[in-house]
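Visitor: dropping a prediction and its sequence here:
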Amino acid sequence: MAYDSNNIFAKILRNEIPCKKAYEDNHVLAFHDIAPKAPVHILVLPKGAYTDMDDFSQRASIEEIAALFRALGQIARDHKLDQGGYRVIVNCGLNGGQEVPHLHLHLVGGARLGRMIGP
Ligand code: AMP
């Protein structure tokens with residue numbers, strides 16, 4: 001699937017739409033989800049134009065991959081999620097239920113989250 005540069009996260013990355021920023025470095029932007037599913041719900045994105053995890057895992061540089069995971073851990077610690085634990089979710093494609101076609105990791109925590117996949 002070709003990258004759609006008009007997707008909403010691409011617009012946020014270009015500062016065309018505001019976000020509640022949680023973290024930023026050269027390769028990564030993270031912001032709070034607009035419809036949080038937990039007390040902490042942060043979306044962690046590579047800045048590069050990657051549609052989903054399949055795309056990222058094939059084309060991203062080692063530096064970009066490392067940056068994404070380093071940032072994720074840092075953001076979790078910044079929000080004190082490392083102590084009680086947290087969950088990272090990546091929806092990929094149709095079966096994964098992905099709605100926005102720019103790779104993003106959902107970092108969720110701050111409460112007991114229950115079952116990983118609902119009934
Ligand atoms: P997914 O289903 O994995 O693609 O998740 C998309 C997520 O983006 C959902 O949790 C939405 O609530 C969230 N979302 C959509 N638009 C925005 C926005 N403008 N700012 C922050 N989060 C958003």
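Guide: All right, it came through fine.

Visitor: and the contacts of stretch 65-82?
Guide: If you take C-beta atoms under 8 Å, 6 or more residues apart in numbering as the criterion, stretch 65-82 is touched by 22-23, 25-28, 30, 40, 42, 44, 46, 56, 60, 86, 88, 105, 107, 109-110. In this view, the C-beta of every residue, glycine as well, is placed from N, C-alpha and C.

Visitor: do you know how far Gly48 is from the ligand?
Guide: Gly48 sits 17 Å away from the ligand, going by C-beta to the nearest ligand atom, to the nearest Å.

Visitor: and that residue, what does it touch?
Guide: By C-beta under 8 Å, 6+ apart, the contact list for Gly48 reads 27, 56, 60, 64.

Visitor: now the buried members of the contacts of stretch 65-82.
Guide: 22-23, 27-28, 30, 40, 42, 44, 46, 56, 60, 86, 105, 107, 109 (16 or more other C-beta atoms under 10 Å).

Visitor: out of those, which are inside strands?
Guide: 22-23, 28, 30, 40, 42, 44, 46, 86, 105, 107, 109 (DSSP state E).

Visitor: nearest to Ser5, of those?
Guide: Taking C-beta to C-beta as the measure, Pro46 is the one of those closest to Ser5, at 14.6 Å.

Visitor: in the sheet, which residues pair with that closest one? Tell me.
Guide: Val28 (DSSP bridges).

Visitor: any stretches of the protein with poor pLDDT?
Guide: Residue ranges of the chain with pLDDT under 70: 119.

Visitor: got the phi and psi for His27?
Guide: Dihedral pair for His27: phi -110, psi -10, per degrees, to the nearest 10.
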